[in-house]
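>>> Let's see this in three dimensions:
(one chain, ligands or ions: 1)
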Amino acid sequence: MDRPSGKDKPLFTPGPLTTSATVKKAMLSDLGSRDLAFVRAVGEIRSGLLELAGVSKEEGWESVLMQGSGTFSVESVLSSSIPKDGVLLVARNGAYGERIATIARCHGIPVHEVICGEGEPVEPAAVEAALDAHPEVTHLAIVHCETTSGVLNPVEAVGALAAARGVTYFVDSMSAFGAVPIDLEACHVDFLVSSANKCIEGVPGFGFALCRRAALDDCEGRARSLSLDLFAQWKGLDTNGQFRFTPPTHALLAFHRALFELEEEGGVSGRQARYQTNHARILSGIQALGLEAYVPEEHQCWIITSIRYPESEGFSFDVLYERLNERGFVIYPGKVTDADCFRIGNIGRLFPEDMDALLSALGGVLAEMGVRGGA
Ligand SMILES: Cc1ncc(COP(=O)(O)O)c(C=O)c1O
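Residues are numbered from 1 along each chain as shown. Predicted structure coming up:
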């Protein structure tokens, strides 16, 4: 399997990620946005994404690529799909769910929220009660794996509630799609968003929306922004295979290669298996060092692991970060609001042996800090 080039520090983060040398190499071409090879690659990316999701155009699905980071794609779907008289319900348990509500408010969209604990999945019963209390809701949004903590949300149970009421369902699967299986039909998804630099292991530069065509058709004339108009972007891509505005050509070429490498690894289940092994190594390793995971294992996705700060006067996250960085490892700060944590990303071109090397360095730094359990 293609490895990273070795000269960069491995990124134990939720993105940008460590990528394979061959993904990076795929960017060593300056192609024009009308170049036939580039237009072909864009078409293959769009069909490859549908294939990865187990759906097809024939079954009424479309994939739309959007320039920018993942947030731009989330904003594109929300601001293009919710009509002037629409109302959004956000079921959230972390910062990325909160961001969905913030985006909607920026566009003047009325929002209701179901706010659940950050260490637990969203509760379908609470979503059901909110839908009953607010029959005016037209759209429902949830995050698949809440990267804030690493919790996996019950997207299928929540989708069934949306479908039963004819509510359009949006899933932010930014950090999960490609390594966490999702059955779009069984989950009643209308729009799913993810981005290039997460589980598909491309580089940053664009995101994408997988859209039920009937829901995408409804977006005509609803956009609140020119550049983030999902419907216009779809029509543009469908008309001549080109982006409406300058495409991130290099990032797309890298992604084209990354999709091929995902296929080579055995698709979603192959990638899931590697990330699950990575996560299991991290979990047992931190436990051996006397550290505790923030999320109970039954709610934990295998994408990222939140770890509580050790209860020790000698501990400082900034010192930990710096000393690990000096040893060649990049970790990530915590993001939950109710506990002091740091995070270790399990995704990207990282393997169990990378996890072992990080754990060994972590043990050394904790010992230097005088934290009990440090090796
Ligand atoms: C679940 C989720 N949603 C949205 C985002 C935002 O993506 P970006 O930082 O690419 O805008 C992230 C980023 O990690 C994420 O994990």
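>>> Longest helix in this structure, please.
helix 267-288 (DSSP state H).
>>> Which SSE is immediately downstream of that one?
Note on helix 267-288: by DSSP states H and E, the next helix or strand toward the C-terminus is strand 304-308.
>>> quick check: angle from that next one to helix 267-288?
Computed with axes from the mean of the first three to the mean of the last three CA atoms, to 10 degrees, the direction of strand 304-308 lies at 20 degrees from that of helix 267-288.
>>> Which elements pack onto strand 304-308?
Packed against strand 304-308 by the contact rule (3 or more CB pairs under 8 Å, 6 or more residues apart in numbering; DSSP states H and E) you find helix 267-288, strand 341-345. C-beta: built from backbone N, CA, C; applies to glycine.
>>> closest to the ligand out of those?
strand 341-345 (9.6 Å; CB to the nearest ligand atom).
>>> still on that earlier bit, which residues sit against the longest helix of the chain?
Residues outside helix 267-288 that contact it (CB atoms under 8 Å, 6 or more residues apart in numbering) are 52, 178-181, 199, 262, 265-266, 292-293, 297, 300, 302-303, 305, 307, 344, 346-347, 350-352, 354-356, 358-359, 362, 373.
>>> how about it as CSV, C-alpha atoms only?
Provided in CSV are the C-alpha atoms of helix 267-288 (Å, rounded to 0.1, in the frame of the first residue of the first chain):
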residue,chain,number,x,y,z
GLY,A,267,-13.3,0.4,-0.2
VAL,A,268,-15.1,1.6,2.8
SER,A,269,-14.8,-1.7,4.7
GLY,A,270,-11.0,-2.0,4.1
ARG,A,271,-10.4,1.6,5.2
GLN,A,272,-12.7,1.1,8.2
ALA,A,273,-10.7,-1.9,9.2
ARG,A,274,-7.4,0.0,9.2
TYR,A,275,-8.9,3.0,11.1
GLN,A,276,-10.5,0.6,13.7
THR,A,277,-7.2,-1.0,14.3
ASN,A,278,-5.5,2.4,14.6
HIS,A,279,-8.2,3.4,17.1
ALA,A,280,-7.9,0.2,19.1
ARG,A,281,-4.2,0.6,19.4
ILE,A,282,-4.6,4.2,20.7
LEU,A,283,-7.2,3.1,23.1
SER,A,284,-5.3,0.3,24.7
GLY,A,285,-2.1,2.3,24.6
ILE,A,286,-3.5,5.3,26.4
GLN,A,287,-5.1,3.1,29.0
ALA,A,288,-1.8,1.4,29.6
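>>> Determine which stretch of the helices and strands packed on strand 304-308 is the most buried.
Neighbour counts (mean count of other CB atoms under 10 Å) averaged over each of the helices and strands packed on strand 304-308 peak at strand 341-345, with a mean of 25.
>>> What strands line up against it, and which way round?
Its sheet considered, strand 341-345 pairs with strand 304-308 (antiparallel), strand 332-333 (antiparallel) by DSSP bridges.
>>> Report whether the shortest one contacts the ligand.
Translated: strand 332-333. No. Judged by CB under 6 Å from any ligand atom, strand 332-333 and the ligand are separated, with a smallest distance of 9.9 Å.
>>> can you pull out the helices in the protein?
21-25, 36-52, 70-81, 95-106, 124-133, 155-164, 213-217, 230-240, 249-264, 267-288, 317-326, 352-369.
>>> OK, contacts around R34?
Neighbour list for R34: Q242 [criterion: CB under 8 Å, 6+ apart].
>>> distance of it from A251?
To A251, R34 is 17 Å away according to CB to CB, to the nearest Å.
>>> pretty sure H134 contacts V87?
Yes. Between H134 and V87 a contact is recorded at 7.0 Å, counting by CB atoms under 8 Å.
>>> Name the stretch among the strands paired with strand 341-345 that sits most buried.
Note that of those, strand 304-308 is the most buried (mean count of other CB under 10 Å), with a mean of 24.
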